[in-house]
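> 3D model of this:
(chains A and B)
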Amino acid sequence: QQQVKQSPQSLIVQKGGISIINCAYENTAFDYFPWYQQFPGKGPALLIAIRPDVSEKKEGRFTISFNKSAKQFSLHIMDSQPGDSATYFCAAGNDYKLSFGAGTTVTVRA
Amino acid sequence: NAGVTQTPKFQVLKTGQSMTLQCAQDMNHEYMSWYRQDPGMGLRLIHYSVGAGITDQGEVPNGYNVSRSTTEDFPLRLLSAAPSQTSVYFCASSRGAGRSDTEAFFGQGTRLTVV
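Residues are numbered from 1 along each chain as shown, chains lettered A, B, ... in the order given. As a prediction, this is how the structure comes out:
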């Protein structure tokens, strides 16, 4: 049973458009919510992360929105570029452990 | 700076064979873990270690063993390979130390096929 549910499974966006990926969790013990980006043949790499005491965090074109009461969080990729084409994983952590969502494959069309 | 190094990158095993996937990190991280990645399943935790001599089971530990004799190394052993263990395996490390908000660094992965 997956502790973090992620949607959509895949999405296609035009260059310059906005990509939105959503995640939901049940375990209120989670206190750390990172997003990882993975390119084909590579390991995942941390993209951006948020703690539950803030509702939004922005780093460049990437923004996490966090809704603690709804136990949901999302990743927005603004002005999407072909180089953003990758698989994105949301995760939720407590102590040492991370639980990952199933992943979203984002394709940015030029 | 090598980070997390996994070997081999690719491996084909026959059902019933055993093998060890190697993982080494040079960042002096306390916490190391093994995940498997399957299509539509994300990354699932197999085993983890919070320091040398300490290991514990994750979400999908059956069929795998680990040990942590040094801070740097965390090998994953497949005892008797089965086709269900065909997957991409990732090793990760982080500073840990009781904090969840520390970045996990992943290796490049080992693609294992069991025939």
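
> burial count for residue B:92?
25 (other CB atoms under 10 Å in any protein chain shown). To be clear about C-beta, it is placed using only N, CA and C from the backbone, and glycine gets the same treatment.

> A strand includes it, no?
Yes. Secondary structure assignment places residue B:92 in a strand (DSSP: H, G, I helix; E, B strand; the rest coil).

> show me what contacts residue B:107?
Contact criterion CB atoms under 8 Å, 6 or more residues apart in numbering or on different chains gives A:43, B:3, B:4, B:5, B:6, B:23, B:90, B:91, B:92 as the residues in contact with residue B:107.

> can you tell me the residue of chain A closest to chain B?
With CB to the nearest CB, the shortest gap between chain A and chain B falls at residue A:43, namely 3.3 Å.

> please report how far that residue lies from residue B:54.
Applying CB to CB, to the nearest Å, the value for residue A:43 to residue B:54 is 24 Å.

> look at these two and report which has more neighbours.
Taking residue A:43 and residue B:54 together and counting by other CB under 10 Å, residue A:43 has the greater number of neighbours (23 against 11).

> the more buried one sits in which helix or strand?
Residue A:43 belongs to no helix or strand when elements are defined using DSSP states H and E.

> hmm, residue B:110 and it touching each other?
No. Distance between residue A:43 and residue B:110: 10.4 Å, which falls outside the contact criterion (CB atoms under 8 Å).

> which residues do those two both contact?
Here residue A:43 and residue B:110 share the contacting residues residue B:90, scored by CB under 8 Å, 6+ apart.

> report the central residue of chain B.
The residue at the geometric middle of chain B, judged as the C-alpha nearest the mean C-alpha position with CA atoms, centre = their mean, is residue B:34 (2.6 Å).

> so that one, which of the three states?
Using three-state DSSP, the three-state assignment for residue B:34 comes out as strand.

> leaving out sequence neighbours, find the closest residue to it.
Distances taken as CB to CB, 6 or more residues apart in numbering or on different chains place residue B:46 nearest to residue B:34, at 4.4 Å, with adjacent residues excluded.

> any idea how many residues pack against the one you found?
Using other CB under 10 Å as the criterion, the residues surrounding residue B:46 number 23.

> repeat for residue A:15
Residues near residue A:15, counting by other CB under 10 Å: 12.

> residue contacts, it?
A:80, A:81, A:82, A:108, A:109, A:110.

> list the helices and strands the helix or strand of chain A with the lowest mean pLDDT packs on?
Using mean pLDDT, DSSP states H and E, strand A:97-100 stands out as the lowest-scoring helix or strand of chain A, at a mean of 89. In terms of contact count using 3 or more CB pairs under 8 Å, 6 or more residues apart in numbering or on different chains; DSSP states H and E, strand A:97-100 is assigned the packing partners strand A:86-94, strand B:42-51.

> same list (those strands) but as TSV, adding distance to residue A:32 and mean pLDDT.
Shown next, in TSV, are the helices and strands packed on strand A:97-100 (distance: least, CB to CB, whole Å; pLDDT from 0 to 100):
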stretch	distance to residue A:32	mean pLDDT
strand A:86-94	4	94
strand B:42-51	15	94
